[in-house]
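Asks: sharing a model that was predicted from the sequence below.
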Amino acid sequence: MSMEWIRKRYGVPAKRGGRVEYTGGKTPEFGTILAAREGRLRIRLDVMEYTHPLPFHPTYELRHLDADTI
């Protein structure tokens with residue numbers, strides 16, 4: 001499922017290079033969307049400088065920081 005599918009299905013402004021805030025941990029973490037796969041966003045959190053991106057549900061505990069620019 002593509003980034004476009006995620007945007008339409010969940011009504012989020014997800015795009016490659018978009019910034020997000022993950023609020024599911026003890027402290028919020030910022031990250032960058034790198035791709036979409038199997039209905040999930042592949043995000044590299046800033047604290048994980050050189051690791052592989054992790055899958056995140058497009059709406060669960062995620063705040064899209066570029067929302068006002070879309």
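Replies: Arrived safely, thanks for sending. Numbers count the residues shown, from 1 in each chain.
Asks: and the residue in the chain sticking out farthest from the centre, helix, strand or coil?
Replies: Ranked by distance from the centre of the chain (CA atoms, centre = their mean), the top residue is residue 26, with 18.0 Å. On the three-state scheme (DSSP: H, G, I helix; E, B strand; the rest coil), residue 26 is labelled coil.
Asks: any idea how far residue 49 is from it?
Replies: 20 Å (CB to CB, to the nearest Å). Just so you know, the C-beta spots here come from the backbone N, C-alpha and C atoms, and that holds for glycine as well.
Asks: also residue 18?
Replies: Using CB to CB, residue 18 is found at 19 Å from residue 49.
Asks: could you pull out the strands for this structure?
Replies: Taking DSSP state E as the test, the strands found in the chain are 19-22, 29-37, 40-45, 54-56, 62-64.
Asks: quick check: buried residues in the longest one?
Replies: Same thing as strand 29-37. For strand 29-37, a neighbour-count test (16 or more other CB atoms under 10 Å) marks 29, 31, 33, 34, 36 as buried.
Asks: got the contact list for it?
Replies: Applying CB atoms under 8 Å, 6 or more residues apart in numbering, the contact partners of strand 29-37 are 1-3, 5-6, 14-22, 41-47, 53, 55, 65.
Asks: could I get that strand in PDB with only the CA atoms?
Replies: Written as PDB, here are the backbone C-alpha positions of strand 29-37 (Å, rounded to 0.1, in the frame of the first residue of the first chain):
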ATOM      1  CA  GLU A  29      10.400  11.500  19.900                       C
ATOM      2  CA  PHE A  30      10.700  13.300  16.600                       C
ATOM      3  CA  GLY A  31      11.300  11.400  13.300                       C
ATOM      4  CA  THR A  32      11.200  11.500   9.500                       C
ATOM      5  CA  ILE A  33       8.900   9.500   7.200                       C
ATOM      6  CA  LEU A  34      11.000   7.500   4.800                       C
ATOM      7  CA  ALA A  35       8.500   5.200   3.100                       C
ATOM      8  CA  ALA A  36       5.200   3.300   3.300                       C
ATOM      9  CA  ARG A  37       4.900  -0.500   3.300                       C
END
